[in-house]
Every structure is written in structure tokens, then in C-alpha cells.
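J.: Requesting a structural model of the entry that follows:
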Amino acid sequence: MYKVFVGDKPIILTSVVEKETNFKNYLLSTVNMAKVIRRLNNTSLSEVRLIHKNPDKVLKKFLKKLPNVIAGGGKVFNDNGEILFIYRNDKWDLPKGKAERKETIEETSIREVEEETGVKGLEIKKLLDTTYHIFKRNGRYKIKITYWFEMKTSYSGNLHPQQNEGITKVAWLNKKETEKALENSYANIKLLV
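T.: Predicted coordinates for the structure are as follows:
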């Protein structure tokens with residue numbers, strides 16, 4: 001099972017059909033994605049489930065429905081165990097961004113964290129979950145596939161929000177501050193943190 005977010009509402013990719021309650025089932029093979037996205041955005045449905053008979057192929061089949069944008073990002077820890085957050089579009093988020101040509105996803109992730117926050121000396125520790133969300137750009141829906149890495153740094157210099165990307169704040173948040181920030185964050189970030 002996979003979750004793809006439209007705002008904070010999930011599209012569940014699954015092979016299991018359940019009786020509809022506060023969600024709607026659609027067959028993946030015949031679904032109209034624009035219609036599904038509109039229903040999630042404009043109704044009280046809590047989620048949509050896209051059904052495909054083969055659980056091993058459901059994600060691959062789904063990703064063919066819309067153009068894909070590949071991105072990389074970091075859940076970065078400092079020496080105090082604090083997590084690096086950015087503040088953009090009135091929400092707390094983790095630094096991430098789109099891959100450039102001929103760049104590995106690891107290179108993308110480190111470059112984007114550095115550009116969005118000013119933090120240097122990043123070291124990837126391990127691959128975390130991959131998140132999926134649908135967004136609209138120039139009138140077209142796209143799926144952003146973000147590969148997340150846990151990173152570590154001893155950087156203690158100034159933080160620099162990348163203002164031309166709409167980032168207004170960058171902060172190291174302790175456990176309590178992180179919990180508070182997650183109250184005003186995105187569903188896929190809450191799952192990641």
C-alpha cells in the first residue's frame with residue numbers, strides 16, 4: 001500500500017477492496033485523475049482508494065497517470081539532535097528540491113538542503129521513506145516523488161533562508177519545537193518525522 005497526498009488527503013494505492021465509508025474506491029486502470037483530485041479538494045471525502053489487482057505493480061501503474069517530478073530532500077540532525085526545518089507558504093517543511101540533469105538523488109538532496117538553508121558539511125547517513133504528492137503547475141497536475149535522506153552535520157554557522165524559493169525562516173528545532181511545528185506542516189512530513 002502506498003499513500004499519495006493531495007494537500008493533506010491521501011490517495012491510497014492498494015489491491016484490497018473495502019466497503020466505502022468516508023472514502024471512495026476507483027479502479028486504477030480506468031480512473032480519471034483530474035476528477036479524483038477535484039473530489040478530494042472539494043468534498044468531505046477523507047481519502048480515495050485506487051484499486052489494482054497486483055500489489056507489486058500498483059505504484060508503477062499509478063505513476064504513469066501523471067507526469068513525474070523527481071526531488072530529493074533531507075531530515076538533517078545537528079550535534080544537539082535538533083532537526084533542520086524551513087518555513088515556506090505559512091507551513092513548516094523539510095528542505096527538498098527538484099533533481100537536475102546528470103545529478104544523483106544523493107547529490108540533489110545535499111545541494112537542495114545547502115541552497116535552501118545555508119547549512120554545510122552534510123553527510124548522508126541513510127535513505128528514509130520516499131514520499132509522493134500531487135501538485136498543480138501551469139494548469140497541469142504532476143506527481144512529485146521525493147527521496148528523503150537522514151543527514152548529519154556539525155555546522156554551527158548562520159542559517160540563510162533561500163528567499164527566492166519563498167523560504168522565510170530556517171531553524172534548528174528540538175523535540176518539543178518539532179512537535180509544535182508538525183501541527184502546522186504537511187501530512188507527508190508528519191509521516192517522515
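J.: Return the set of buried residues in the lengthiest helix in the chain.
T.: Ordering each helix of the chain by length in residues (DSSP state H) puts helix 105-117 first. Taking 16 or more other C-beta atoms under 10 Å as the neighbour-count basis, helix 105-117 is seen to contain the buried residues 105, 108-117. Quick note: C-beta positions are derived from backbone N, CA and C, even for glycine.
J.: again with stretch 175-183
T.: Those buried within stretch 175-183 under the rule 16+ other C-beta under 10 Å are 178, 181-182.
J.: Could you do stretch 155-171 as well?
T.: Taking 16+ other C-beta under 10 Å as the neighbour-count basis, stretch 155-171 is seen to contain the buried residues 155, 161-162, 167, 170-171.
J.: looking at this, E179 is in a strand?
T.: No: assessed with DSSP: H, G, I helix; E, B strand; the rest coil, E179 is helix; it does not lie in a strand.
J.: quick one on the thing from earlier: need the max-distance pair from the buried residues of stretch 155-171.
T.: The widest separation within the buried residues of stretch 155-171, taken as C-beta to C-beta, falls between Y155 and I167 and amounts to 17.0 Å.
J.: Let me know the angle separating the longest strand belonging to the chain from helix 105-117.
T.: Scanning the chain for the longest strand, with DSSP state E as the assignment, gives strand 123-137. Between strand 123-137 and helix 105-117, the angle formed by their directions is 80 degrees, by axes from the mean of the first three to the mean of the last three C-alpha atoms, to 10 degrees.
J.: Give the next helix or strand downstream of strand 123-137.
T.: strand 140-152 (DSSP states H and E).
J.: so what secondary structure elements neighbour that next one?
T.: Contact analysis of strand 140-152 by 3 or more C-beta pairs under 8 Å, 6 or more residues apart in numbering; DSSP states H and E lists helix 33-42, strand 68-77, helix 105-117, strand 123-137 as its packing neighbours.
J.: want to throw those into a markdown table with mean pLDDT and distance to D93?
T.: Below are these laid out as a markdown table (pLDDT from 0 to 100; distance: least, C-beta to C-beta, whole Å):
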| stretch | mean pLDDT | distance to D93 |
| --- | --- | --- |
| helix 33-42 | 94 | 20 |
| strand 68-77 | 98 | 9 |
| helix 105-117 | 98 | 9 |
| strand 123-137 | 96 | 11 |
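J.: dump the residue contacts of the residue nearest the centre of the chain.
T.: To find the centre residue of the chain, average its C-alpha atoms and take the closest one (C-alpha atoms, centre = their mean): that gives T131, at 4.6 Å. Contacts of T131 were listed using C-beta atoms under 8 Å, 6 or more residues apart in numbering, and they are 5, 145-146, 148, 188, 191-192.
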